[in-house]
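Trainee: here are the coordinates; sequence isn't available:
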């Protein structure tokens, strides 16, 4: 492996949170972001092809070393780590609506789900998966919600556009202006 | 308490995520066309299910039940042949169901993705139940003189609040003079015992003695003692009263 790849590996190992490309590039003043991207690819290939128990992935928050899925059960059995609680159907529905319609107010989420969403919005907000992006104009100036980088990290995706595109879904989920 | 459960709405977590979910399930179970919902049948099924399920969020489900019954009633109203202005009362419901169906599609995607991520651990992942309240302390690196210095500092700090600044009470001759004068203003004469009680502090006794000597020197009082260690009689001079 190149010296840069080794340096990145050490930094990624030391951090429990994803590290952005920008912060990784700051580790070596001589390295450009292109160099870092190349070294990350080198490291990922090394993990994948040499048969490591961990893998290198990129999420919304940056790059991160994670254990491979096939070892999850063994790790959990040994109580070395445990999986976070699974998101409820109500939480996933609410996140789905916000992800595609953001910024969106509580009333619209409730209209689509057909149930009261106050508690679930509060819980998602507390878990950092959604954030208040502002207030809408008009009556009562309701809070508008959007998804956060933590939401992307929760799904291990880099961008929202990795989700099925709006035009792959029915007309109903497109922004109101297009319907 | 059992009989309460038969009529009241009780919490049933995870069964349905809302009335639209229940409605979609019924439409799938009954294998009917979403664009041509037999509202009478579905409404009846809906009512049966919310009664037997005993659902939480009763208001949301009851609102949907009322909506279904209204649509059912609207469909029963007679309409003229070839009426252009007629709008299917089910249209709004169908739109919402389709919209909700799409949400469920996205939910499946999100669920799949988050399940994959959930099955991988980041380094340093610490589940809540295993974390100790305080991080482990680093090994102590300290030399003996440093330790002594630290102990000394602590003791110094600890002592501070208990240090009393005791200042010996100075003799209060002026105060004693005032007392003697006040007393002599009321009485023609008084005695040593009147000025000094048994419990008097030494500085008080000395103050009175010096005050009396001072007043005698100024000629304000006359002191008379018949014999050694007997009581002293103090008489005010008329001259001082005039002054």
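Mentor: Okay, I see it. Computed from a prediction, not measured in an experiment: that's the story for all the values here. Numbering: from 1, shown residues only, chains lettered A, B, ... in the order given.
Trainee: low-confidence regions, chain A specifically.
Mentor: Counting by pLDDT under 70, chain A contains low-confidence ranges at A:166, A:169-179.
Trainee: and the residue most central in space within chain A, how far from chain B?
Mentor: For chain A, the residue sitting closest to the mean C-alpha position, by Cα atoms, centre = their mean, is residue A:152 at 1.5 Å. Going from residue A:152 to chain B by Cβ to the nearest Cβ, to the nearest Å gives 10 Å. Every residue, glycine included, has its C-beta placed from N, CA and C.
Trainee: so which strand or helix has that residue?
Mentor: helix A:149-155 (DSSP states H and E).
Trainee: over to residue A:145?
Mentor: strand A:143-147.
Trainee: quick one: contacts of that strand?
Mentor: Here strand A:143-147 makes contact (Cβ atoms under 8 Å, 6 or more residues apart in numbering or on different chains) with A:95, A:98-99, A:102-106, A:109, A:121, A:125, A:129-136, A:160.
Trainee: just the buried residues out of the residues you listed, in ChimeraX syntax.
Mentor: If you want just the buried ones from those in ChimeraX, going by 16 or more other Cβ atoms under 10 Å in any protein chain shown, the selection is:
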select /A:95,98,99,103,104,105,106,109,121,129,130,131
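Trainee: could you look up the SS state of the nearest residue to residue A:164 once chain neighbours are set aside?
Mentor: Distance criterion Cβ to Cβ, 6 or more residues apart in numbering or on different chains; nearest residue to residue A:164, sequence neighbours excluded, is residue B:109 at 6.0 Å. For residue B:109, the assignment made with DSSP: H, G, I helix; E, B strand; the rest coil gives helix.
Trainee: surely residue A:116 and residue A:110 touch.
Mentor: Yes. With contact defined as Cβ atoms under 8 Å, residue A:116 counts as touching residue A:110 (6.2 Å).
Trainee: hmm, back to that, so what strands line up beside the strand holding residue A:145?
Mentor: strand A:104-105 (antiparallel), strand A:130-135 (antiparallel) (DSSP bridges).
Trainee: contacts only, for the residue in chain A sticking out farthest from the centre.
Mentor: No residue in chain A sits farther from the centre than residue A:139, which is 32.9 Å out by Cα atoms, centre = their mean. With Cβ under 8 Å, 6+ apart as the criterion, no residue contacts residue A:139.
Trainee: same thing with residue A:46?
Mentor: Neighbour list for residue A:46: A:1, A:5, A:52 [criterion: Cβ under 8 Å, 6+ apart].
Trainee: circling back to that earlier point, neighbour count winner among residue A:116 and residue A:110?
Mentor: Using other Cβ atoms under 10 Å in any protein chain shown as the criterion, residue A:116 and residue A:110 rank with residue A:110 on top: 19 against 15.
Trainee: measure the more buried one to residue B:63 for me?
Mentor: Here the criterion is Cβ to Cβ, to the nearest Å. By it, residue A:110 lies 11 Å from residue B:63.
Trainee: and for residue A:41?
Mentor: In terms of Cβ to Cβ, residue A:41 sits 54 Å off from residue B:63.
Trainee: can you list the domains in chain A?
Mentor: Domain assignment for chain A by automatic domain parsing gives A:3-77, A:89-178.
Trainee: per-domain residue ranges of chain B.
Mentor: B:2-76+B:89-114, B:173-242.
Trainee: can you list those in TSV and add mean neighbour count and distance to residue A:36?
Mentor: TSV is the format used below for the domains of chain B (neighbours: other Cβ atoms under 10 Å in any protein chain shown; distance: least, Cβ to Cβ, whole Å):
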stretch	mean neighbour count	distance to residue A:36
domain B:2-76+B:89-114	16	26
domain B:173-242	14	84
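Trainee: which one of those domains lies closest to residue A:37?
Mentor: domain B:2-76+B:89-114 (23.5 Å; Cβ to Cβ).
Trainee: re the thing from before, among the contacts of residue A:46, which one sits closest to chain B?
Mentor: residue A:52 (13.0 Å; Cβ to the nearest Cβ).
Trainee: circling back: the helix holding residue A:152 - contacts with which helices or strands?
Mentor: Contact analysis of helix A:149-155 by 3 or more Cβ pairs under 8 Å, 6 or more residues apart in numbering or on different chains; DSSP states H and E lists strand A:54-59, helix B:91-118 as its packing neighbours.
Trainee: so which elements touch the shortest one?
Mentor: Contact analysis of strand A:54-59 by 3+ Cβ pairs under 8 Å, 6+ apart lists helix A:33-49, strand A:62-67, helix A:149-155 as its packing neighbours.
Trainee: enumerate the positions of that strand that are buried.
Mentor: Buried residues in strand A:54-59 (16+ other Cβ under 10 Å): A:54, A:56-59.
Trainee: for the residue nearest to the centre of chain A, which non-adjacent residue is closest in space?
Mentor: residue A:60 (2.5 Å).
Trainee: what is the neighbour count of the one you found?
Mentor: Around residue A:60 there are 21 residues (other Cβ under 10 Å).
Trainee: I'd say it and residue A:157 touch.
Mentor: Yes. Here residue A:60 lies in contact with residue A:157, judged by Cβ under 8 Å, at a distance of 6.7 Å.
Trainee: and the buried residues of strand A:54-59 as a markdown table, adding distance to residue B:101?
Mentor: Output for these, formatted as a markdown table (distance: Cβ to Cβ, whole Å):
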| residue | distance to residue B:101 |
| --- | --- |
| A:54 | 39 |
| A:56 | 37 |
| A:57 | 31 |
| A:58 | 32 |
| A:59 | 29 |
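Trainee: ok, of those, which one's closest to residue A:34?
Mentor: residue A:58 (15.4 Å).
Trainee: now the closest one, which residues is it bridged with?
Mentor: Beta-bridge pairing for residue A:58 (DSSP bridges): residue A:63.
Trainee: contacting residues for it?
Mentor: By Cβ under 8 Å, 6+ apart, the neighbours of residue A:58 are A:40, A:64, A:158.
Trainee: residue A:108 too?
Mentor: Residues in contact with residue A:108 (Cβ under 8 Å, 6+ apart) are A:97, A:101.
Trainee: tell me which helix or strand of chain B sits lowest on mean pLDDT?
Mentor: helix B:2-7 (a mean of 40; mean pLDDT, DSSP states H and E).
Trainee: quick revisit: name the SS class of the residue farthest from the centre of chain A, please.
Mentor: Residue A:139 ends up coil, using three-state DSSP.
Trainee: circling back: and the contacts of residue A:46, which of them are buried?
Mentor: Counted by 16+ other Cβ under 10 Å, the contacts of residue A:46 give residue A:5 as buried.
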